[in-house]
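Trainee: Curious how this folds, go ahead:
(one chain, ligands or ions: 1)
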Amino acid sequence: MRVCVLGAGIVGLATAWALNRAGHEVTVIDRARPGSGASGGNGAQLSYSYVQPLADPGIWAQLPKLLLSPTSPLKIRPQLDVHQWLWGLKFLAACNTHTSRNTTAALLQLAAESRMAFDTMRQQENIACDFSSTGKLVLYPDAASFAGARRQMLLQRELGSVQEAVTANRCVELEPALAQRHAHIAGAIYTPGECAADCQKTCDALLAALRAKGVKFLLDTPVNKLVLRGKQVVAISTPEGEIEADRYVMALGSASATMARSLGVYLPIYPLKGYSITVDLDGPAQAAPTISITDTARKVVFARLGSRLRVAGMAELAGYDTRIAHKQIASLQASTQQMFPGCSGFADVHPWAGLRPATPTGLPVIGKHPKGPDNLLFNTGHGALGFTLAFGSAQRITRMLEATQLQPTRPWPHKPRPAGSSAQTP
Ligand SMILES: Cc1cc2nc3c(=O)[nH]c(=O)nc-3n(C[C@H](O)[C@H](O)[C@H](O)COP(=O)(O)OP(=O)(O)OC[C@H]3O[C@@H](n4cnc5c(N)ncnc54)[C@H](O)[C@@H]3O)c2cc1C
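Mentor: Predicted coordinates for the structure are as follows:
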């Protein structure tokens, strides 16, 4: 079957890999370089067990501080955009125990599929992506937040996750680079099976491997529109001409929502901007962590990528602006220096910003939309977990696409909002 994948972020590339492996003739279109959207400089976490959605009931208690504190990692810049407000309302509606629990269960299942598919891909393609499987420590600064984390851990244990609650002493035993933070750690959740890798290197290696297998790439080629005949997409219109296929997969990250609206399809996706820095480590090796660390006090993640440290964080509901704000980069640098004072290399910091394609619940949008064209599948809206989930969702898309006739995903996980309703089923 001829399949055209729109978007060469990690989700589009993983989809192209899975489709090519299943024997399909694949063309990938992107307006830029693969990985240059939300994927390249992300937090590098393959967070297979730690999937708790941002839409958590605990957000209500934290909301005043998150919205009002000048140092808050969450920022809302109201736009003249009804979709931003709708997204915000749906997000708040999703901040309840029932939705959060269902989302966690669904994400854990997808993450487990993704881990297997990513490992298969790494072995088959033998890609160099600074992969490590040293585990992850999520640090909590006070007893109350640690108690909440232990409750989430018990829920995740019921769902099959292997995690343990550990003391500050144990944190330092596991990760000696934390020695100077001991007094600031009330406790942590340790997940030994978590992994990390460089997403840009993964994208670059996939591009090379897929090209070698005959996958066609049209890069620096924007998708202008999808050409429809009745309920079928018949071609993709680009400045290079029209590209025809039998089936199409939309993996345009944050741009998916706007493109879908041109087809009369509403996707509840809005960009959640984040930042990262990458520090070249040239100090003593033990000064930088080898285990992935999440500092929940500042909502910052640290991942070791060979001789570099990736530091990522912040969530701004602020539209589609991808400019890098110096203040946010300085804040990530300050967090790194406080956490790991022995790290050097700060003269050589690589700043980055990206737009997470976020849904209110945290569940990605995978499948055919009930109101969409019959031969179009969506694979988008992976939010803060796109690298983690990309290969699992690519497997699902491949299975759906091979059905003789594409069936709408039922129940559609992100129902188009009926007039007068604010509820969204997870
Ligand atoms: C700060 C930050 C930290 C993160 N940390 C992690 C992490 O640690 N672990 C994790 O799993 N996830 C993480 N994520 C999330 C993850 O990076 C995203 O979910 C993932 O990159 C989304 O991939 P994507 O392929 O859907 O989108 P993108 O990477 O944005 O790809 C979409 C592609 O579509 C192309 N495109 C858009 N419009 C058009 C058009 N009209 N024509 C042609 N091409 C078009 C773009 O050029 C782009 O290449 C993080 C994100 C951020 C911002």
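
Trainee: and stretch 150-167, how far out from the chain's middle?
Mentor: Its chain's average C-alpha position is 22 Å from that of stretch 150-167, according to Cα atoms, centre = their mean, to the nearest Å.

Trainee: try stretch 50-64
Mentor: 17 Å.

Trainee: distance between the ends of it?
Mentor: 25 Å (Cα to Cα, to the nearest Å).

Trainee: and it, what's its mean pLDDT?
Mentor: Averaging pLDDT along stretch 50-64 gives 84.

Trainee: residues in contact with that stretch?
Mentor: Residues from elsewhere that reach stretch 50-64, judged by Cβ atoms under 8 Å, 6 or more residues apart in numbering: 66, 91, 94-97, 99-100, 103-104, 107-108, 111, 136, 138, 148, 152, 156, 163, 189, 191, 194, 294, 315, 358, 360-363, 383-385, 388. No exception for glycine: its C-beta is placed from N, CA and C like everyone else's.

Trainee: Sticking with the one residue in the stretch 101-250 of the chain that gets nearest to the ligand, tell me its helix or strand.
Mentor: Closest contact between the stretch 101-250 of the chain and the ligand, by Cβ to the nearest ligand atom, is at Val223 (3.6 Å). Counting by DSSP states H and E, no helix or strand carries Val223.

Trainee: so which of the contacts of stretch 50-64 are also by the ligand?
Mentor: Applying Cβ under 6 Å from any ligand atom, the subset of these adjacent to the ligand comprises 383-385, 388.

Trainee: Specify which member of those residues is nearest to the ligand.
Mentor: Closest approach to the ligand among these (Cβ to the nearest ligand atom): Thr388, at 3.5 Å.

Trainee: How about that closest one, nearest residue that isn't a chain neighbour?
Mentor: Ser47 (4.9 Å; Cβ to Cβ, 6 or more residues apart in numbering).

Trainee: I'd assumed Leu385 was in contact with the one you found.
Mentor: Yes - if you go by Cβ atoms under 8 Å, Ser47 and Leu385 touch, sitting 6.3 Å apart.

Trainee: Please enumerate the shared neighbours of those two.
Mentor: Jointly contacting Ser47 and Leu385 under the rule Cβ under 8 Å, 6+ apart are Ala111.

Trainee: So the residue in the stretch 251-400 of the chain that the ligand sits nearest to, which state does it fall into?
Mentor: In the stretch 251-400 of the chain, the residue that lies nearest the ligand is Gly386 (2.0 Å; Cβ to the nearest ligand atom). Of the three states, Gly386 takes helix according to DSSP: H, G, I helix; E, B strand; the rest coil.

Trainee: Share the number of residues neighbouring it, please.
Mentor: As a burial measure, Gly386 scores 27 neighbours (other Cβ atoms under 10 Å).

Trainee: what sits against it?
Mentor: 9-11, 38-39, 42, 253, 356-357, 364 are the contacts of Gly386 under Cβ under 8 Å, 6+ apart.

Trainee: any chance of those in CSV, plus neighbour count, distance to the ligand and pLDDT?
Mentor: Formatted as CSV, the contacts of Gly386 follow (neighbours: other Cβ atoms under 10 Å; distance: Cβ to the nearest ligand atom, whole Å; pLDDT from 0 to 100):
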residue, neighbour count, distance to the ligand, pLDDT
Gly9, 32, 2, 98
Ile10, 30, 5, 98
Val11, 34, 3, 98
Ala38, 29, 4, 98
Ser39, 25, 3, 98
Asn42, 27, 3, 98
Gly253, 25, 3, 98
Arg356, 24, 4, 98
Pro357, 30, 5, 98
Pro364, 29, 8, 98
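
Trainee: Turn those residues into a markdown table, columns for distance to Ser72.
Mentor: Listed next are the contacts of Gly386 as a markdown table, based on distance: Cβ to Cβ, whole Å:
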| residue | distance to Ser72 |
| --- | --- |
| Gly9 | 28 |
| Ile10 | 28 |
| Val11 | 29 |
| Ala38 | 21 |
| Ser39 | 26 |
| Asn42 | 21 |
| Gly253 | 25 |
| Arg356 | 17 |
| Pro357 | 22 |
| Pro364 | 26 |
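
Trainee: Of those residues, which pair is most distant in space?
Mentor: Asn42 and Pro364 (15.0 Å; Cβ to Cβ).

Trainee: How far off centre is the helix or strand of the chain with the lowest mean pLDDT?
Mentor: Ranking every helix and strand in the chain by mean pLDDT, DSSP states H and E puts helix 59-68 at the bottom, with a mean of 78. Mean-position distance between helix 59-68 and its chain equals 23 Å (Cα atoms, centre = their mean).

Trainee: What are the buried residues along it?
Mentor: For helix 59-68, a neighbour-count test (16 or more other Cβ atoms under 10 Å) marks 59, 66 as buried.

Trainee: The following helix or strand past it and the ligand, any residue contact?
Mentor: Moving toward the C-terminus from helix 59-68, the next helix or strand (DSSP H and E) is strand 74-76. No - judged by Cβ under 6 Å from any ligand atom, strand 74-76 and the ligand are separated, with a smallest distance of 12.9 Å.

Trainee: which helices and strands sit right next to strand 74-76?
Mentor: Applying 3 or more Cβ pairs under 8 Å, 6 or more residues apart in numbering; DSSP states H and E, we find strand 74-76 packed against helix 59-68, strand 308-317.

Trainee: Who are the contact partners of the residue nearest to Thr388?
Mentor: Ser47 sits in contact with 111, 136, 194, 385, 388, where contact means Cβ under 8 Å, 6+ apart.

Trainee: Would you mind giving those residues as CSV with pLDDT and neighbour count added?
Mentor: What follows is the contacts of Ser47, written out as CSV (pLDDT from 0 to 100; neighbours: other Cβ atoms under 10 Å):
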residue, pLDDT, neighbour count
Ala111, 97, 21
Lys136, 97, 27
Glu194, 97, 26
Leu385, 98, 25
Thr388, 98, 27
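
Trainee: what's the neighbour count on the residue nearest to Glu402 when sequence neighbours are not counted?
Mentor: Closest residue to Glu402 apart from its sequence neighbours, by Cβ to Cβ, 6+ apart: Ala22 at 6.9 Å. Neighbour count of Ala22, defined by other Cβ under 10 Å: 15.

Trainee: and what of the one 5 residues further on?
Mentor: Neighbouring residues of Thr27 were enumerated by other Cβ under 10 Å; the total is 19.

Trainee: Can I take it that it is in a helix?
Mentor: No - counting by three-state DSSP, Thr27 is not part of a helix but strand.

Trainee: Can you pull the phi/psi pair for Ala147?
Mentor: Backbone geometry at Ala147, expressed as degrees, to the nearest 10, gives phi -60, psi -40.
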